[in-house]
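[1] Provided below are the primary sequence and the corresponding predicted coordinates.
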Amino acid sequence: MADRYSRQVLFSDIGEVGQEKIRSSRVALVGCGALGSVSAEMLTRAGVGKLRLMDRDFVEESNLQRQSLFTEEHVSKGVPKAAAAESTLRAINSEVEIEGVITDVRWDNIEGLCRDHDIIVDGTDNFETRFLINDVAVKHSLPWVYGACVGSYGISFAFESGTFACLQCLFERPPEVGTSQTCDTVGILGPVVHVIAAYQVTQVLKILTDQSPSRKILQVDVWNGTWQTLGAERAKSQQCRCCQQHEFRFLEGEETTRMTRLCGRGAVQVSPQQKGPPDFHDLSQRLDKSGQVDFNQHMMRIQIEGYEIALFADGRSIIRGTEDISEARAVYAKYIGN
Amino acid sequence: MTEKIEIILNGEEIQIPMEWTVTDLVEDLKLVGQQVAVELNGQIVSRDRWQEETLVSGDRVEVVHFVGGGEE
């Protein structure tokens, strides 16, 4: 299929030379939900050499509105997202080495999964994993491209920490328990996902062809029609613990949320590192539409999609309805967020 | 009474006391500890300079929220 990439090669900033660089590249994609699906498809069509997709979840009906690699058949068979994505992508471009890895990306496996790649693409749904990606990227001098969406709002930035800011230059740690909005509490529109993934993949193609990515942060609200870029050339912090002092706290598991299986109780306990009191009132308003919520000064009880989440004032949660750590981590990220 | 100056915050004119730093503004907006970056006149101000960056009349400030969604 000599014609396959002809239109991309015709684009003068890529050309034959650029296409060859893309063809010999290895891309690691962490998370294969909405952003991950869209990015993976574009990267596969663009002809990267190898694409490793990592995801811990399986396909559900509520994914189909925006997660473009999945079908009703994947839902009815309960196929893991990494496996479903792998088969769809193989049918799109058999020249690309696609590897779906069904795994919960954590501090103790991320290095092995991502290190031997040229770039890491963010398709995750939580900050804890992004801080991990940032640690690996800084430690191994890899670029990574952040992207996130919620509601009709999205944001993206390409991190190249050698000269420019890393994630920890901007924020020292993930947000407090229960303070961030998630797609499972405020919803998400399909179009914003495509906008942000398009920006991410553009930066990936520039980096893979040895060109500078945009040094601007893109923020978009597709519903309100606001598009804005912000200059990030001088955002590097000279006191950054990660990229200046090379302390990889997330990668060393020091900042990880601890998950404990409560055997025999059908539950998993989630203990985040930050033990600040969650704002029950605020959280109950956000979760109101998704499930049944009660709280008092000591704890909050959330009944949602067959799970019962008990969130305590010390930041700890017990998730009933599963003894599976990855599943509990996914439920926690969806509704409580971090 | 403290003298006030006008700055433009997220496209809207607001008044703040003279000599306020980026830190003062972020505290006033109750955004401490949140995942925000602050752009001053077209460039993100690195966090280690928030305390020393004093706002002056006519400054254009944008507050950017980094969100967590994206979904696995």
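    Looks like it arrived, so ask away.

[2] Can you report how many residues neighbour the closest residue to residue A:271 other than its chain neighbours?
    The shortest distance from residue A:271 to any non-neighbouring residue, by C-beta to C-beta, 6 or more residues apart in numbering or on different chains, is to residue A:258 (4.3 Å). Just so you know, the C-beta spots here come from the backbone N, C-alpha and C atoms, and that holds for glycine as well. Look at residue A:258: counted by other C-beta atoms under 10 Å in any protein chain shown, it has 11 neighbours.

[3] And for residue A:11?
    The burial count for residue A:11: 12, using other C-beta under 10 Å.

[4] circling back to that earlier point, thought the residue nearest to residue A:271 was touching residue A:315?
    No: using C-beta atoms under 8 Å, residue A:258 is not in contact with residue A:315; the gap is 11.3 Å.

[5] pLDDT value on residue B:10, please?
    Residue B:10 carries a pLDDT score of 92 in this model.

[6] Start and end of stretch A:60-69, how far apart?
    12 Å (C-alpha to C-alpha, to the nearest Å).

[7] May I see the buried residues of stretch A:63-81?
    A:63, A:66, A:67, A:68, A:69, A:70, A:74, A:75, A:79, A:80, A:81 (16 or more other C-beta atoms under 10 Å in any protein chain shown).

[8] Next up, identify which helix or strand the fifth one is on.
    The one in question is residue A:69. Using DSSP states H and E, residue A:69 maps to neither a helix nor a strand.

[9] Would you check how far apart it and residue B:56 are?
    Applying C-beta to C-beta, to the nearest Å, the value for residue A:69 to residue B:56 is 50 Å.

[10] what are the phi and psi values for the spatially closest residue to residue B:60 that is not a sequence neighbour?
    Nearest residue to residue B:60 in three dimensions, chain neighbours excluded: residue B:8, at 4.7 Å (C-beta to C-beta, 6+ apart). Main-chain dihedrals, residue B:8, degrees, to the nearest 10: phi -110, psi 110.

[11] go on, residue A:312?
    According to degrees, to the nearest 10, residue A:312 has phi -100, psi 160.

[12] who's in contact with it?
    By C-beta atoms under 8 Å, 6 or more residues apart in numbering or on different chains, the contact list for residue A:312 reads A:298, A:299, A:318.

[13] so what's the second one up against?
    Taking C-beta under 8 Å, 6+ apart as the contact definition, residue A:299 lies against A:310, A:311, A:312, A:313.

[14] neighbours around the nearest residue to the last one once chain neighbours are set aside, how many?
    For residue A:313, the nearest residue in space outside its immediate sequence neighbours is residue A:277; the separation is 5.0 Å by C-beta to C-beta, 6+ apart. For residue A:277, the tally of surrounding residues (other C-beta under 10 Å) stands at 13.

[15] my hunch is that residue A:277 is in a helix, does that hold up?
    No: under DSSP: H, G, I helix; E, B strand; the rest coil, residue A:277 falls outside any helix and is assigned coil.

[16] ok, now which ones touch it?
    Counted by C-beta under 8 Å, 6+ apart, residue A:277 has contacts A:313, A:314, A:315.

[17] between those, which is nearest chain B?
    Set against chain B, the nearest of the contacts of residue A:277 by C-beta to the nearest C-beta is residue A:315 (13.9 Å).

[18] in which helix or strand would I find the closest one?
    Using DSSP H and E, no helix or strand contains residue A:315.

[19] Let me see the backbone angles for the residue minimising distance to the centre of chain A.
    Nearest to the geometric centre of chain A sits residue A:124, at 1.2 Å (C-alpha atoms, centre = their mean). With angles defined as degrees, to the nearest 10, residue A:124 sits at phi -90, psi 170.

[20] about what we covered before: narrow the contacts of residue A:312 to those in strands?
    A:299, A:318 (DSSP state E).

[21] Just the closest of the contacts of residue A:312 to residue A:129, please.
    residue A:318 (21.9 Å; C-beta to C-beta).

[22] Count the residues that sit near the closest one.
    Residues near residue A:318, counting by other C-beta under 10 Å: 19.

[23] now do residue A:109
    14.

[24] Over to residue B:3?
    Residue B:3 is flanked by 7 other residues according to other C-beta under 10 Å.
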